[in-house]
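S.K.: Need a 3D model of the sequence below.
(one chain, ligands or ions: 1)
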Amino acid sequence: MRKPIIAGNWKMNNTIAATKALISDLIPLVKDAACDVVICTPYTDLATAVEMCKGTNIKVGAENVHWAEKGAFTGEISADMLVELGVEYVIIGHSERRQYFGETDATVNARVKAALAKGLKPIICVGETLEEREAGKTAEVVIRQTEGAFKDIDKAELDNIVIAYEPVWAIGTGKTATADDANDTIKVIRDTMAKLYCPKCAEDRVRIQYGGSMNPKNVKELMAMPEIDGGLIGGASLKAEDFSKVVNY
Ligand code: PEP
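M.R.: Down below sits the predicted model:
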């Protein structure tokens with residue numbers, strides 16, 4: 001019932017020249033994908049990506065958006081700016097933003113609201129650090145982050161939002177959560193959404209991805225889990241062949 005969605009997170013990789021090469025390789029490789037396909041690129045690559053992906057099944061996303069409409073926020077990008085470019089998705093609250101750039105549950109919530117107000121589709125990232133996991137706090141952390149991100153978000157918006165469960169210790173490390181662990185924590189997130197909204201909304205309308213070293217080798221096992229609705233892919237999204245293998249799992 002929930003259509004799988006595989007999204008690439010390029011992070012701070014790829015110049016415009018590299019973007020052109022990667023997307024032209026990718027288009028034919030993913031054209032028959034059964035899932036939604038998204039690539040989230042650095043701001044400087046967005047115009048090129050949107051132009052190249054027109055008329056294809058690849059949607060384009062940004063990696064962040066500011067909460068204000070405009071103003072004195074040097075170095076930031078507004079939702080209007082992304083919408084004008086033709087961007088459809090935006091990653092919000094990635095652990096690298098939380099870890100290195102002071103992102104909090106409150107700023108994530110503010111960014112989600114700003115994105116939705118302009119018709120962008122947020123991919124909201126939640127996930128525990130290794131320390132939190134070892135302290136047995138995984139559920140507590142993802143519940144807090146989910147409740148924070150969805151504060152005052154209307155039920156009508158659920159179809160326009162994707163959640164990505166990304167255990168921080170699995171991002172870029174080559175370590176993947178076991179399929180069972182990932183499934184269990186995603187179930188905790190879905191139960192949280194059921195409490196915040198309604199059980200049927202959480203079951204039918206909330207797509208939750210797994211992210212953290214997902215790659216061509218482990219994608220099948222992860223995607224076979226009942227709670228996992230897709231993936232947010234870092235490293236493996238930088239090579240057309242690898243990303244297409246994940247997409248075509
Ligand atoms: C990510 O950046 O969201 C991610 C999951 O990275 P990687 O696939 O490289 O672990």
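
S.K.: C125 and C40, how far apart?
M.R.: 11 Å (CB to CB, to the nearest Å). The C-beta positions use only the backbone N, C-alpha and C, and glycine is treated the same way.

S.K.: got the contact list for the closest residue to the ligand within the chain?
M.R.: Nearest residue of the chain to the ligand: G234, at 2.1 Å (CB to the nearest ligand atom). Shown in contact with G234 (CB atoms under 8 Å, 6 or more residues apart in numbering): 8-9, 11, 171-172, 211, 213.

S.K.: Can you pull out the residues in contact with stretch 91-111?
M.R.: Residues from elsewhere that reach stretch 91-111 (CB under 8 Å, 6+ apart): 7, 9, 11, 40, 61-67, 90, 112, 115, 122-127, 129, 144-145, 147-153, 164, 166, 168, 171, 232.

S.K.: can you pull the contacts of T146?
M.R.: T146 neighbours (CB under 8 Å, 6+ apart): 126, 163, 189, 192-193, 196.

S.K.: Can I get the strand or helix carrying it in PDB? Just the C-alpha atoms.
M.R.: For T146, the element it lies in under DSSP states H and E is helix 138-149. Output of helix 138-149 as PDB, limited to C-alpha atoms (Å, rounded to 0.1, in the frame of the first residue of the first chain):
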ATOM      1  CA  THR A 138      17.100   4.300  20.900                       C
ATOM      2  CA  ALA A 139      13.300   4.300  21.300                       C
ATOM      3  CA  GLU A 140      13.400   7.300  23.600                       C
ATOM      4  CA  VAL A 141      15.500   9.300  21.100                       C
ATOM      5  CA  VAL A 142      13.500   8.500  18.000                       C
ATOM      6  CA  ILE A 143      10.200   9.100  19.800                       C
ATOM      7  CA  ARG A 144      11.400  12.500  21.000                       C
ATOM      8  CA  GLN A 145      12.800  13.500  17.600                       C
ATOM      9  CA  THR A 146       9.600  12.300  15.800                       C
ATOM     10  CA  GLU A 147       7.300  14.200  18.300                       C
ATOM     11  CA  GLY A 148       9.500  17.300  17.900                       C
ATOM     12  CA  ALA A 149       9.500  17.200  14.100                       C
END
